[in-house]
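Undergrad: got a predicted structure plus its sequence, pasted below:
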Amino acid sequence: MSQTASSPNADPTGDGVPPHRYTPALAQQLELAWQARWEAEGTFATPNPVGRLSEGFERVAHLPKAFVMDMFPYPSGAGLHVGHPLGYLGTDVTSRFLRMDGHNVLHPMGYDAFGLPAEQFAVQTGQHPRVTTEANITAIRAQLRRLGLDYDQRRTFATIDPGYYKWTQWIFLQIFGSWFDDRAGRARPIEELVAELGAGTRTPAPGTNPSGRPWTELDDVERQKVVDAHRLAYLHQAPVNWCPGLGTVLSNEEVTADGRSERGNFPVFRRPLTQWMMRITAYADRLLDDLDRLDWSDSLKLMQRNWIGRSTGARIGFSCGSETVEVFTTRPDTLFGATYMVLAPEHPLVATLTASAWPDGTDPRWTGGAATPAEAVAEYQRQASRRSDMDRQAEGREKTGVWLGVTAVNPVNGRELPVFIADYVLTGYGTGAIMAVPGEDTRDWEFAEAFGLPVVRTVQPPEDFDGGAYTGPGPMINSANDELSLDGLDKTTAIEKITAWLVAHGSGEATTTYKLRDWLFSRQRYWGEPFPIVYDENDLPIAVPDSMLPVLLPEVDDYSPRTFADDDADSVPVPPLSRAAEWTTVELDLGDGPLTYRRETNTMPNWAGSCWYYLRYLDPGDDARMVDPELEEYWLGPRSEGDVGGVDLYVGGLEHAVLHLLYARFWHKVLHDLGHVSSEEPFRRLINQGYISAHAYTDERGFYVAASEVVEKDGAYFHEGRPVTREYGKMGKSLKNVVTPDEMIGAYGADTFRVYEMSTGPLEQSRPWETKAVVGSQRLLQRIWRVVVDEETGAVRAADVDPAEDTLRALHRTIAGVRDGLGTLRFNIAIARITELTNHLTSAYGATSPVPRSVVEPLTLLVAPLAPHIAEELWSRLGHDDSLAWHQFPVADERWLVEDTVEVAVQVNGKVRAQVTVPADSDAQALEAAARKDERIAGYLDGATVRRVVAVPGRLVNFVLG
RNA sequence: GCGGGAGUGGUGUAACGGCAGCCACGCCAGACUUAGGAUCUGGUGCCUUCGGGCGUGCGGGUUCGAAUCCCGCCUCCCGCACCA
């Protein structure tokens, strides 16, 4: 190998650069050569224990496995900037380190390629999205390959490959083909539900059997509808987030707090529509509880916890005329303080409850200025539907609402509570109705203030409390009826007691609610996975048999869904696939002879493909199975009793905290319940890599100027001689501050780029990009090169000479430090230790003296995970034929980590006053004695009273004077 | 508003409760050079009367000893945002 990359630097100008210096040109030359060799030799082919990728497994069979991966990229046409590879480099360094440190490492990469940008580009140009997507993938693959990443290329795939989305569809059918058994707390095949319903050992779940007649009396279609309503993937007519500007519906997660699309920032409207839903709410408890078993950051877990939003409390019924209004509350203990009720404007009982006329003497604040309750309600509902989606934020928290003209009865004391509608109560949470306790709830207090409603305090505030609602702890007051008194109790006890009373009187029960909603799974788009679903003559959904998968995306003339004016709330979705007339109608024999069916024309959301791709890396070519259970067990299975299993290290951005990461966990748990995977979680350990930001500059008009052309002078910044203002933000086209890896590789080589990017901080830390600092990493690699190769002659300087003791100590300290840094993803520490050793060798051995082989060989291996090309080249020049990728990583020798003597600080009253050198194993007494002998210390102690002496062996001595 | 995280030289950062600032950028000086935006060597927290003093956002506390632990405050970043 060394022959291919050892040609001396051309020196036509005689500019004094030594002919064998590690220059950018040489770096590039040897990087390309090593990348070619790795590929030709299949250096990074990871053997599976069984199957078609198992060649060479015997070599690693005895080793522990490590599955390391990144969140795969979406192949955008813009290519990568220097921020993108940060995580990829982190996993690459880790993967290379673990491989050298005795692991069978799986480090794959793929492409998340369905999605909106390719489709929008296709809509504009008429180019098939597959063409542009595949071109983008090719370009990004080339960029990544040039970084020297150690992917097993045999395992690469894209979510748009029919051989992949066949199994995405298969998993959909698994989810469609199952239901969640609440008693067992897990998913089971739907056939088992049918059997239990037929056997009478189970009755339909609440809300699944609209007719209410027994199962045995239902006809086939009715039965099918009951069964369908139990499925984990089910059709549901419900208000959805319809985005006319995008021509599609969106999941709750894709809608921002101010009611706009996360992508494109178009207005989003709530409108009823029949769509596919995924019953992720069935898994809310497991998704929440199992977070405790994951090695994820606390902040990320917290984001998922908040998103799932479990709260425990009680459901309480308030009778209102002939109806009962159910509310959810986390504070049933405050029931005696309820003085009014509020329903969400969209609450289904609003129309029924609304009175025909205002009673005499109705407070004008309660009527909204309308002549009748019905008019007031209609007008308020109209406003609320607009306001809730358009500009709730701008409205602030000012409380609005109208009275329905009726009262409900507080079950605990018979008090008449006026019933309002107000938009501060949300239809989607709890029951969409609340009991209002202004004394102990800030929002209720504000509403009560605005509407002149009474306040009854049921928790005793502290004496000095002068605020409105009191939400703190305190003894219960004013809370007793003939049968029950909560007075004097604390909150927890009071909740128990009131809940028991409510249950006994049939007025309520303890319950749990979640913020998490079921996952809207239909999109009116072209560039996504088609559903493997057809509809029969009854419009009932039927699974396409596994044998007919994949359901391929048909060709269409027009890729766009029909889009509408941004604010056209009444528009109706028209998916592109509905235009493929010869595709939407299909004749199939599903066991009853050939019949005509209608295909589902929605496609799956972008998240589907990323929900399970980690499983497919195990063998993307397997056409018979989603994943071989034996491979899943080996790479992902639990390692011990109670272990959740999963990918050993997953690195990606925090922007996926509640979308991808929640959906993937959900799918994985379903697959686990159905027996397809042994692991309970997809990602055992997860790291959020930081972002790379960059400075950006605006001229006096406020326009961004190319950051690369800005020069600094005396602390001010100039573009073409004119002063500019420095800002700081995400790297991107609009800020004109993009730096690409290609530019950096062109200027310095991939190894320098890798080392620089890894040296700027721990992987999880966000950091600014600073091109001018990259040269420091270049200098480091140059010095390392110079330690091994004589720059003038090209001769290898390594020789079989014994290193001096201080060099040996430096080496082993470095080994320990580098192992620590690489093992904890603090690559900056590893690089600092390598720099120290290199600087030590440079000053100890100069530019030409022989350098001990026993030091430079380990140094080369230490560098290898970070700068693999230069390390391979040096390793080769040191006389090794094989790649060092599989060579044992150096292990520090304890003997050289302990010093014979140590310098110990001597403090007087906590201030360092002297240093003494003592044998490393000196005990406290010896330490104190040595410290007292020091002249300066003796001076301090002279005439003073030593009250106390703290002597910590190996650390310091502290004299405390009185 | 609620929740979480973070504040250390000009900059990125480092420091088992034990000598604050490893390593690097930048800057200063020097060497080699016709030249330096290459390379190498040295210096570089602040103040100083050269004895030393002061320094980890601010103020308290615990401790022989605090960047580190505790309490309060300030600032910045992130998430959620009327979630009953």
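TA: Everything's here; your move. Numbers count the residues shown, from 1 in each chain, chains lettered A, B, ... in the order given.
Undergrad: quick one, what contacts residue A:153?
TA: A:39, A:44 (CB atoms under 8 Å, 6 or more residues apart in numbering). Bear in mind the C-beta positions are built from the backbone N, C-alpha and C, glycine included.
Undergrad: not counting sequence-adjacent ones, nearest residue to the one residue in the stretch 451-600 of chain A that gets nearest to RNA strand B?
TA: The nearest approach of the stretch 451-600 of chain A to RNA strand B comes at residue A:515, 3.7 Å away (CB to the nearest atom of the strand). Nearest residue to residue A:515 in three dimensions, chain neighbours excluded: residue A:309, at 2.7 Å (CB to CB, 6 or more residues apart in numbering).
Undergrad: the one you found against residue A:516, yeah?
TA: Yes: Residue A:309 is within contact range of residue A:516, at 6.3 Å (criterion: CB atoms under 8 Å).
Undergrad: of all of chain A, which residue lies closest to RNA strand B?
TA: Going by CB to the nearest atom of the strand, RNA strand B is nearest to residue A:776 of chain A, at 2.8 Å.
Undergrad: go ahead and report the secondary structure state at the residue nearest to residue A:274 when sequence neighbours are not counted.
TA: Counting by CB to CB, 6+ apart, the nearest residue to residue A:274 once its immediate chain neighbours are dropped is residue A:237, at 4.4 Å. Using DSSP: H, G, I helix; E, B strand; the rest coil, the three-state assignment for residue A:237 comes out as strand.
Undergrad: for residue A:700, same thing?
TA: Classification of residue A:700 by three-state DSSP places it in coil.
Undergrad: I'd assumed residue A:723 was in contact with it.
TA: Yes: proximity of residue A:700 to residue A:723 meets the contact threshold set by CB under 8 Å, at 7.4 Å.
Undergrad: ignoring the adjacent residues along the chain, who's closest to the residue of chain A closest to RNA strand B?
TA: residue A:756 is the one closest to residue A:776 (CB to CB, 6+ apart), at 7.3 Å.
Undergrad: pLDDT weak spots in chain A?
TA: Applying pLDDT under 70 to chain A flags residues A:1-16, A:257-258, A:386-397, A:714-715.
Undergrad: what's the residue nearest to residue A:274 in contact with, if anything?
TA: Each residue near residue A:237 by CB under 8 Å, 6+ apart is listed here: A:272, A:273, A:274, A:275.
Undergrad: how far away is it from residue A:546?
TA: According to CB to CB, to the nearest Å, residue A:237 stands 28 Å off from residue A:546.
Undergrad: dump stretch A:583-593 to CSV, restricted to CA.
TA: This file holds the C-alpha atoms of stretch A:583-593, laid out as CSV (Å, rounded to 0.1, in the frame of the first residue of the first chain):
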residue,chain,number,x,y,z
TRP,A,583,-54.4,1.2,-10.6
THR,A,584,-57.1,2.2,-8.1
THR,A,585,-59.4,-0.5,-9.3
VAL,A,586,-58.1,-4.0,-9.1
GLU,A,587,-59.5,-7.5,-9.5
LEU,A,588,-58.3,-10.0,-6.9
ASP,A,589,-59.1,-13.5,-5.8
LEU,A,590,-58.9,-13.3,-2.0
GLY,A,591,-60.6,-16.7,-1.5
ASP,A,592,-64.1,-15.9,-2.7
GLY,A,593,-63.2,-15.9,-6.4
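Undergrad: hmm, back to that, neighbour count winner among residue A:309 and residue A:516?
TA: Set side by side, residue A:309 and residue A:516 show more neighbours around residue A:516, with 21 against 14, by other CB atoms under 10 Å.
Undergrad: how about the strands in the stretch 51-200 of chain A?
TA: With strands called from DSSP state E, counting those that start in this stretch, the stretch 51-200 of chain A shows them at A:65-70, A:104-106, A:178-181, A:186-189.
Undergrad: for the residue nearest to residue A:776, helix, strand, or coil?
TA: Under three-state DSSP, residue A:756 comes out as helix.
Undergrad: tell me how many other residues crowd it.
TA: Look at residue A:756: counted by other CB under 10 Å, it has 24 neighbours.
Undergrad: hang on, it packs against residue A:772?
TA: No: judged on CB under 8 Å, residue A:756 makes no contact with residue A:772 at a distance of 10.9 Å.
Undergrad: what subset of the contacts of residue A:237 is buried?
TA: Neighbour-count burial (16 or more other CB atoms under 10 Å) applied to the contacts of residue A:237 gives A:273, A:275.
Undergrad: wait, does stretch A:706-719 contact RNA strand B?
TA: No: for stretch A:706-719, no contact with RNA strand B is found by CB under 7 Å from any atom of the strand; the gap never falls below 8.2 Å.
Undergrad: which residues are contacting that stretch?
TA: For stretch A:706-719, contacts defined as CB under 8 Å, 6+ apart pick out A:694-697, A:699, A:705, A:720, A:723-726, A:735-737, A:739, A:771.
Undergrad: contacts only, for the nearest residue to residue A:795 once chain neighbours are set aside.
TA: Spatial nearest neighbour of residue A:795, excluding adjacent residues (CB to CB, 6+ apart): residue A:789 at 7.4 Å. Neighbour list for residue A:789: A:20, A:22, A:795, A:796, A:797, A:874, A:877 [criterion: CB under 8 Å, 6+ apart].
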